[in-house]
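Asks: pasting the sequence and the predicted model now:
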Number of protein chains: 2
Amino acid sequence: MTRNELINNILKKKSFLCVGLDSDIHKIPSFLHETDDPVFEFNRGIIDATADFAVAYKPNIAFYESIGASGWVTLKKTVDYIKENYPDIFTIADAKRGDIGNTSKLYARAFFENMDFDAVTVAPYMGEDSVKPFLEYPGKWVILLALTSNKGADDFQYHPDDGNSLYKLVLNKSQSWADKENMMYVVGATRADMLSDIRKIVPDHFLLIPGIGVQGGSLDDVVGHGMNNKCGLLVNSSRGIIFADNNKEYARSAREKTNELQRNMEAHLYKRGIL
Amino acid sequence: MTRNELINNILKKKSFLCVGLDSDIHKIPSFLHETDDPVFEFNRGIIDATADFAVAYKPNIAFYESIGASGWVTLKKTVDYIKENYPDIFTIADAKRGDIGNTSKLYARAFFENMDFDAVTVAPYMGEDSVKPFLEYPGKWVILLALTSNKGADDFQYHPDDGNSLYKLVLNKSQSWADKENMMYVVGATRADMLSDIRKIVPDHFLLIPGIGVQGGSLDDVVGHGMNNKCGLLVNSSRGIIFADNNKEYARSAREKTNELQRNMEAHLYKRGIL
């Protein structure tokens, strides 16, 4: 998917919401365990209920990998289901992969050839040749970790504690590897106050913002510090949507939560003159 | 596996060799494609031929993931085969995972519960809570990326270019998360000259050293700068062993290469008074 197509979908749906499909098999409603593929049935329920209000889905790969081989079948079925039924939805493999060049190439094959994800999240620790293989697929995106939403982000990402912290170096250096047409950055919503600084380095790039909801980030803060004149945001919520309810009504509850977030986002888009 | 057990296996086998099972389905001998599970048959051939001379096997997960769901079946069969037939071999899932706490927990479940690996490689970018869930399994190990063997290591791992580079901070800070009994570090053989500096920070820890062979690292340099009085090294070779030959004799060629490396290692262990 191109950047323009993504922007058009945001304008059309009046939403920049990404729904995180962190579909933990131990947390989905128990009645689904009677089906052949409980996690897929759960995902299908969530997707059908929320696709009106979301522009992206982001399965976190750990939740599928933790089931074993059948989890990979479920993952592929999920991305295929989205592509077939909601072709304008942007799909993100939240995999946080990254290895030496010949190995990253294989990870890229997994997510961009065997499966048809639009984007994959990549960890920057190993540098340029660990990221480049993912960039060789036209129309596909790398979403590079910059400043994450967890407490451990403080351990290394702010090092050294001056104007040239690691996360800033990641933002600066990676711009020579790819541009705003096929690179985004992960910036945690719990770091919303840092977004103004980040926007000085990457004014035009899309940012993927996890951490809204259970992790405590605020949509207003994220928009206030991070939105640019093309929106430039994909804001993710996972547990707050998909586990809003744990019974037969889980999909309806997810739809309500999603609709509420979408309405907030629509208001922000109007207020900023983007709609 | 405990640190003492690992050391005893090194002394018994007179080897600190780790064989990297980077078993790319597109590179294995063509006659194997007639079997039901070509990559597993390839691995079994390599394992049976080299287990006399190796103390560890390290499948790089990308090579299995790139095949799709059946690759995960192959991976599990491979680690099960090692555990059943060579229970004193240390098994490493070279996965380079790392995510927020509740997600790393799921990755740990994948490699330590669903599969019975002894260790998993972890990328440190997201800090302590991304690493801790892997440390909650008694007898299991985290092998944390410190200084990698690829060119891109220069991009971030040496930042800033003073006495407090990122890789040194990783080595220092992570010692408060775990000790030498369940944490090792990845240090690329192509950075052998840095090993003396690294040994000042982690004198007693095991180091996993990739990059011997195709990537250009030298065993003599690694031993010279990195060996401690308990050996403290697992030196990995992947392509140089498993793809030494590409015909029906691939396993025999792998055995010869492995035996050659083992003999070199034995000489080093004698010279250092460890044997």
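Replies: Thanks, I have it. Numbering: from 1, shown residues only, chains lettered A, B, ... in the order given.
Asks: only C-alpha atoms for contact and neighbour calcs from this point on.
Replies: Fine.
Asks: may I have the beta-bridge partners of the most centrally placed residue in chain A?
Replies: When CA atoms, centre = their mean is applied to chain A, the residue found nearest the centroid is A:K58 (4.9 Å). When bridges are taken as DSSP bridges, the partners of A:K58 come out as A:G20.
Asks: isn't it right up against A:D94?
Replies: Yes: A:K58 sits in contact with A:D94 when judged by CA atoms under 8 Å, with a separation of 6.1 Å.
Asks: from chain B, how far off is the residue lying closest to A:A51 once chain neighbours are set aside?
Replies: With CA to CA, 6 or more residues apart in numbering or on different chains as the measure, A:Y86 is the residue that lies nearest to A:A51, at 7.4 Å, once sequence neighbours are left out. Counting by CA to the nearest CA, to the nearest Å, the separation of A:Y86 from chain B is 23 Å.
Asks: where does A:Y86 land on pLDDT?
Replies: As summarised for this prediction, A:Y86 has a pLDDT of 98.
Asks: residues near it, how many?
Replies: When counting by other CA atoms under 10 Å in any protein chain shown, one arrives at 15 neighbours for A:Y86.
Asks: the host helix or strand of A:T78: what's the following helix or strand?
Replies: In this assignment (DSSP states H and E), A:T78 forms part of helix A:69-85. Downstream of helix A:69-85, the next assigned helix or strand under DSSP H and E is strand A:90-97.
Asks: now the helix or strand following that next one: mean pLDDT?
Replies: Where DSSP H and E defines the elements, the next helix or strand beyond strand A:90-97 is helix A:101-108. Taken as a whole, helix A:101-108 has a mean pLDDT of 97.
Asks: would you mark the buried spots in helix A:101-108?
Replies: If you call a residue buried by 16 or more other CA atoms under 10 Å in any protein chain shown, then helix A:101-108 has these buried ones: A:G101, A:T103, A:S104, A:K105, A:L106, A:Y107, A:A108.
Asks: using CSV, lay out the residues you listed together with distance to A:L21.
Replies: Below are the buried residues of helix A:101-108 laid out as CSV (distance: CA to CA, whole Å):
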residue, distance to A:L21
A:G101, 28
A:T103, 26
A:S104, 23
A:K105, 25
A:L106, 23
A:Y107, 20
A:A108, 20
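Asks: chain B next: which of those are close?
Replies: Here is what survives when these are matched to chain B using CA under 8 Å from any CA of the partner chain: A:G101, A:T103, A:S104, A:L106, A:Y107, A:A108.
Asks: any idea which helix or strand carries A:V120?
Replies: Here A:V120 is covered by strand A:119-122, with elements defined by DSSP H and E.
Asks: could you pull out the helices for chain A?
Replies: Per DSSP state H, chain A carries helices over the ranges A:3-13, A:38-50, A:61-65, A:69-85, A:101-108, A:128-131, A:153-156, A:166-174, A:195-201, A:219-226, A:239-242, A:250-271.
Asks: and of these, who's closest to A:K180?
Replies: Closest of the helices of chain A to A:K180 is helix A:3-13, at 7.8 Å (criterion: CA to CA).
Asks: and the contacts of that closest one?
Replies: Residues from elsewhere that reach helix A:3-13 (CA atoms under 8 Å, 6 or more residues apart in numbering or on different chains): A:16, A:52-55, A:88-90, A:180-182, A:230-231, A:274-275.
Asks: now with 10 Å, please.
Replies: Residues outside helix A:3-13 that contact it (CA atoms under 10 Å, 6 or more residues apart in numbering or on different chains): A:2, A:14-17, A:51-56, A:88-90, A:139, A:141, A:180-183, A:205-206, A:230-234, A:262, A:266, A:269, A:274-275.
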